[in-house]
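Trainee: Give me a model of this one.
(chains A and B)
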Number of protein chains: 2
Amino acid sequence: MTKSALQIARASYEPKIPEGLRGNVKIEEGASTESVRDQEEIRKLFPNTYGMPIVKFVHAAGKPGVDQPVNVGVILSGGQAPGGHNVIAGIYDGIKRLHADSRLYGFILGPAGLINHEYKELTGDIIDEYRNTGGFDIIGSGRTKLETKEQFDKGLEILKKLNIQALVIIGGDDSNTNACVLAEYYKSIGAGVQVIGCPKTIDGDLKNEQIETSFGFDTACKVYSELIGNIQRDCNSARKYWHFIKVMGRSASHIALECALQTHPNVCIVSEEVEAKNLSLDDVVDYIASVVAKRADEGLNFGTVIIPEGLIEFIPAMKKLIQELNDFLAHNADEFNIIRRSQQREYVIGKLSEANSKIYASLPERVAQQLTLDRDPHGNVQVSMIQTEELLAEMVGKRLKKWAQEGKYNGKFATVHHFFGYEGRCAAPSNYDADYCYSLGYTASLLIVSGKTGYMSSVRNTTASASQWVAGGIPITMMMNMERRHGEMKPVIQKALVDLQGAPFQYIKSVRDKWAIETDYVYPGPIQYFGPSEVCDQPSKTLQLEKQGK
Amino acid sequence: MTKSALQIARASYEPKIPEGLRGNVKIEEGASTESVRDQEEIRKLFPNTYGMPIVKFVHAAGKPGVDQPVNVGVILSGGQAPGGHNVIAGIYDGIKRLHADSRLYGFILGPAGLINHEYKELTGDIIDEYRNTGGFDIIGSGRTKLETKEQFDKGLEILKKLNIQALVIIGGDDSNTNACVLAEYYKSIGAGVQVIGCPKTIDGDLKNEQIETSFGFDTACKVYSELIGNIQRDCNSARKYWHFIKVMGRSASHIALECALQTHPNVCIVSEEVEAKNLSLDDVVDYIASVVAKRADEGLNFGTVIIPEGLIEFIPAMKKLIQELNDFLAHNADEFNIIRRSQQREYVIGKLSEANSKIYASLPERVAQQLTLDRDPHGNVQVSMIQTEELLAEMVGKRLKKWAQEGKYNGKFATVHHFFGYEGRCAAPSNYDADYCYSLGYTASLLIVSGKTGYMSSVRNTTASASQWVAGGIPITMMMNMERRHGEMKPVIQKALVDLQGAPFQYIKSVRDKWAIETDYVYPGPIQYFGPSEVCDQPSKTLQLEKQGK
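Mentor: All right, here's what the predicted structure looks like:
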């Protein structure tokens, strides 16, 4: 591995940890807990892990240490997020401090590694190579879901063979849900293996009263904001393009919102608002076009629009259209497939219900074609393939042309598109994520040695300086409710969508009309690791506003 | 303007300047010079500015200063490049140091500002707002070409009115060529206005024996390399995608090459090599597909491919196809336009020469359509609109399918595309560009006060520490030769394409087979401004290798 100069210099960074964890610690247990909803069902499904207390670690007299080595397995689950390596480093340092003979095993390429017994021991040499780096390449990640008893039993074989006392699963809401199901199962059969979860996802939608943020969100948003800022500076220099910028986040718009808070674009669409207001695609196009037109009146024929990746799936009318398309194509596949490609669109328009037919007819040709042709193996429309940034740019252009003909708009409209996702998922963690992740991993080791299972590692009060951070564990069942998944009611961790009453969105709402017309771009620049604290150590704007809002 | 924390902290950075410029300076003149080629013609076209000596500034006794204020006008010409604001700050500080009553005027939105008499005085307050920032937004930029006598005379009116002694034009090869034509003209009529050029372009193709590099190249490449590194870390963690990454650079592949030197991708295409070897699109596809197949043999179904934006225009066979398409469509527009869209492709295939018809038929449908439909106002095919990264990914996919059927390939091939350009043009300048640009501007002020015109500001030996940098001026005519432009022979600055015998390309050539198969990715991370010197102050790898190669 050839290392960059920054990587070499950054390797020696020592993540900050909560002051309380520095010496010996003791555990403080709170009152028993309930799930956020559907308490009856959840309790029934998790008889062994329901109702456990929130726990907290505080300083204690004496020296840290245990009699027996603590062997731990770790899994990286799902999409990459900056800081995963530091979680692992935190676990390693934690168990080594407790007992020098402790061992850490990493399962390869996600949960599949556990099932297929593919693992490697993560020794100090390996860990040191990965401290403060981005990526999940230390052991790789994967999307296999740990759900069945067969998988659990297969996994237990290797855990037992390696004498592993606890498994740490680093993942998003689904992976943590599965971690809890696994914890419950192992406890129910007396397997003697604990399971601890860690909140990961750049999307920022795994958070709640107890979990302030998921790791990786901070870094990824900072990378995207760097790029958006650069584009805005270009935009404001060349003064001739509208940049349509899509950012990752299929289920929630936290990333778009955070990037907007950091960069002050002219437009930021928030999917949750679109859904709540029951807006149509047409309404969204209208809104953007009206901002373009207002700026054109001021002679400003340039601007920026931030779009969350998941937008299309949040537009109620589009959801209905896609549903009808899926049904219709499933039932009329043979007839559809023999129609000439150039006539398929007309055919579909003629067959859909009036409302959906109208929407379908209004879509640009390429998108309409994509909806009927690029279907997944089950024949379903692949919404994620739609290039929403291009779609909106094209529709806004058409709207403006119409307005120009009606004498309502007199400007120039040229567009450039961008999509940022992979650019940020594996960035080297910001100081915030480096510290937060290391602390999450370190805390996981303490939960393990305290005998806990079915807990998520938790570090709170992270907008304060690290010395005031509070480390502990949250029973995963506490975050659960019942939701329909693939037609079945399942216990799952509630996904945190953007709260339209929350401080971050309310702030955007209060300033967006100003940002739309004026050019108040902010240029955050690249993440800094060595500069003054106000540059290097700021938590996300979202988290800061949420804290202030409380 | 809301400022980011980094912007505020970075404002106080004091760019390094060549030691020789710190106190008073004197000018040292070398022998008279000749143009790189076509000496006769160039001498005839530039009777007043041909043959001037290279000049150098060295320390002198005494205090710096002149009797009269030095009023200067400045123009930002063409595409944005990081550091433009520092060139302007350097000019400002330079003329203010010479005389406190000197004034600096910025012409608005490029050369058009000079012609239309749109300007603003750049006072100390304004300059301070823009020190060490990216973008050209201090006065904006534009692409109007300063070429005609009418424009020159119109410009002179305002220059005279503002009592401006010299005009600094910050631009690429074309803009500097025009700066020299303007210098020659003003000298020939005794206008009393000097013209000085500054070498700007992220593309890095304005360089030669005297100009080590154009500003902005360093920063832009570092931003792209940050992103490519992040993508590679993702790629190496998820292990399931081939990322096709196009980077800016239509005329030369310096950016692609520099990014490859910084990140060690599996494949980096260099347009100049493709042209020199007379490769076809098919050959390029074959090469990439063979790397994919070899990695698949090792179980590595992921990788990265860097593609220069201008590739298509460098493929000799594609150039011929496009030429024939342009000719054919120009002469058969009426017939072509009445053909149904679904039959246009067949029609074109039937009409082209055999060789071109075969190539056209091999192109993916969308690209073929783009070539005949998306033409510019003159009816010409718009090569720049072709999404080369998608085109190559699709064609490589087809090739691999064929190989799979023939039993020659057994892997998985899924792709993601990226294009990086606007993301880097307005980034805040790296230390290198911040220093280099400031020194270029500062040096321009010294050239002005030395009475020079038709010179490009020059700062050399920039791979050494700034104290050893050498400041001076190069007669622009010295870099010129005659080239055909729009059917006419014109004096122009020779564009610097990638030198296939040069050290940077030779280095890539010596390691690329290894990089192709092994995974030797480097993750440069974001530009740092406050850390250790080995992280913050490195010039581009290209420049370092070029220096070592000498």
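
Trainee: If you count neighbours, what's buried in stretch A:159-172?
Mentor: For stretch A:159-172, burial by neighbour count (16 or more other Cβ atoms under 10 Å in any protein chain shown) applies to A:159, A:162, A:164-172. Every C-beta, even on glycine, is put in place using the N, C-alpha and C of the backbone.

Trainee: Ok, stretch A:49-65 next?
Mentor: A:49-57, A:64.

Trainee: Lowest-confidence entry in those residues?
Mentor: Here the lowest pLDDT out of these sits on residue A:64, with 89.

Trainee: Secondary structure of that residue: a helix, I assume?
Mentor: No: read with DSSP: H, G, I helix; E, B strand; the rest coil, residue A:64 is coil and lies in no helix.

Trainee: mind giving me the domain ranges of chain A?
Mentor: Following the assignment in automatic domain parsing, chain A carries domains at A:26-216+A:429-480, A:217-425.

Trainee: now do the same end-to-end measure for the last one.
Mentor: Pointing back at domain A:217-425 there. 9 Å (Cα to Cα, to the nearest Å).

Trainee: all strands for the stretch 251-400 of chain A, in order.
Mentor: For the stretch 251-400 of chain A, strands defined by DSSP state E, counting those that start in this stretch occupy the ranges A:267-268, A:303-308.

Trainee: The stretch 1-150 of chain A too?
Mentor: Secondary structure of the stretch 1-150 of chain A (DSSP E, counting those that start in this stretch): strands at A:24-32, A:53-60, A:72-76, A:104-107, A:119-121.

Trainee: Out of the ones you listed, flag the one nearest chain B.
Mentor: Chain B lies closest to strand A:72-76 among those, at 8.1 Å (Cβ to the nearest Cβ).

Trainee: What is the closest one packed up against?
Mentor: helix A:84-98, strand A:104-107, helix A:111-115, strand A:166-171 (3 or more Cβ pairs under 8 Å, 6 or more residues apart in numbering or on different chains; DSSP states H and E).

Trainee: Of those, flag the one that's most buried.
Mentor: When the helices and strands packed on strand A:72-76 are scored by mean count of other Cβ atoms under 10 Å in any protein chain shown, the highest mean neighbour count falls to strand A:166-171 (a mean of 28).

Trainee: is that strand anywhere near chain B?
Mentor: No: Strand A:166-171 lies apart from chain B when judged by Cβ under 8 Å from any Cβ of the partner chain; the minimum separation is 12.5 Å.

Trainee: Tell me the buried residues in whichever helix or strand comes after that strand?
Mentor: Tracing the chain C-terminally past strand A:166-171 and defining elements by DSSP states H and E, one meets helix A:173-188 next. Residues of helix A:173-188 classed as buried: A:173-187 (neighbour count, 16+ other Cβ under 10 Å).

Trainee: same check, this time on stretch A:207-222
Mentor: Neighbour-count burial for stretch A:207-222, counted by 16+ other Cβ under 10 Å, picks out A:207, A:210-222.

Trainee: Out of these, which comes closest to residue A:298?
Mentor: The closest of those to residue A:298 turns out to be residue A:221 (Cβ to Cβ; 29.7 Å).

Trainee: Remind me what the strand or helix carrying that closest one packs against, helices and strands.
Mentor: Following DSSP H and E, one finds residue A:221 within helix A:217-238. Judged by 3+ Cβ pairs under 8 Å, 6+ apart, helix A:217-238 is in contact with strand A:242-247, helix A:254-263, strand A:303-308, strand A:415-420, helix A:422-425, helix A:431-449, helix B:217-238, helix B:422-425.

Trainee: Redo these as TSV? Include mean pLDDT.
Mentor: What follows is these, written out as TSV (pLDDT from 0 to 100):
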stretch	mean pLDDT
strand A:242-247	98
helix A:254-263	98
strand A:303-308	98
strand A:415-420	96
helix A:422-425	97
helix A:431-449	98
helix B:217-238	97
helix B:422-425	97
